[in-house]
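Provided below are the primary sequence and the corresponding predicted coordinates.
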Amino acid sequence: MTYRQRMRTDQIALQLYTVRRIAADDLPGTLDAVAAAGYRAVEVAGLPELPLGELARRLDDAGLTAIAAHESIEALRRDWKGVADRLAAMDCPRAIVPWLPEEERRTADDVRRFAADLGVYAGRLAGRGIGLGYHNHAFEFSPLEDTTVWAILLAELSPEVELELDVYWAAVGGRDPVAEIAATADRVRLLHMKDRAGGTEPHDAPPGEGDLPFPAIVSAARAAGVEWYIVEQDEPRDALDDVARARGYLETLAD
């Protein structure tokens, strides 16, 4: 069975951080445009703050479902119950910690303490029916003492903590995304799908417009049991046009 037979179009989602700038000016119109581009599932990040329940209503009005939301470790420490309430109001099943603060990755022991914290919050959120995951950038793959942040996290994170692997940042960090998917198959459940373009000074691009091997990425992801393929760009050229092109390309890898 090939990757074309195994990836589904209903597994393609959009990270709303990609459209954060236009959403700041017109959130309802932006969500409608995301839906018009073919998306039905979204990951929440970078949106204007709204009263509890209002974002859920606006997503529902646009025909969009929240499949995950980025929540910082600081937010969890400050008020994990409030985080759980926000996600529950959207029927959102996952919180993803998107960043390991610099001051908490100066030593290997710092990273171990962070991993332990994630395990604590994973257990608490599980009691509310919400999963917890971690999203990488490139720094996780740089040397730290005699190891890397990534190696420590893989060794220390509790089994309940999932991974959202950003294939672009893994590649920028010098790793092969296909190999990383295979190596983390027991816990990688979401991918950030953005391409690497620009040669010696890489920048992100819609999938299919750079040098990452997306057919092989999808094939490895399906074998690993990845649930969501999430289009994202940190710095899109034209946000709505880019996300439409990204979805169009990913649909060529799906039945």
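Received the coordinates, thanks.

my guess is Ala223 meets Ala185, correct?
Yes - assessed by Cβ atoms under 8 Å, Ala223 is found in contact with Ala185 at 7.1 Å. (Glycine included, C-beta is placed from N, CA and C.)

how about the helices of the stretch 51-200 of the chain, start to end?
54-62, 73-89, 108-126, 149-156, 167-172, 177-183 (DSSP state H, counting those that start in this stretch).

wait, which of these is closest to Glu140?
Glu140 sits nearest to helix 149-156 of all these, at 4.1 Å, using Cβ to Cβ.

circling back to that earlier point, most tightly packed of the helices of the stretch 51-200 of the chain?
Ranked by mean neighbour count under mean count of other Cβ atoms under 10 Å, the helices of the stretch 51-200 of the chain are led by helix 167-172, which reaches a mean of 24.

I'd like to check what contacts it. Which residues are they?
Residues external to helix 167-172 that are found in contact with it (Cβ atoms under 8 Å, 6 or more residues apart in numbering): 136-138, 141, 176-177, 180, 191-196, 202, 204, 212, 217.

can you check stretch 54-70 too?
Contacts for stretch 54-70 (Cβ under 8 Å, 6+ apart): 13, 17, 27-28, 31-32, 34-35, 39-47, 50, 86-87, 89-98, 133, 135, 164, 190, 228, 230.

out of those residues, which are inside strands?
13, 41-44, 94-97, 133, 135, 164, 190, 228, 230 (DSSP state E).

which of those sit farthest apart?
Farthest pair in those, by Cβ to Cβ: Ala41 and Val97, 20.0 Å.

the more surrounded of those two?
Neighbour comparison, Ala41 and Val97: the larger count goes to Val97, with 23 against 17 (by other Cβ atoms under 10 Å).

Which among the contacts of stretch 54-70 count as buried?
13, 17, 27, 31-32, 34-35, 39-45, 47, 86-87, 89-90, 92, 94-98, 133, 135, 164, 190, 228, 230 (16 or more other Cβ atoms under 10 Å).
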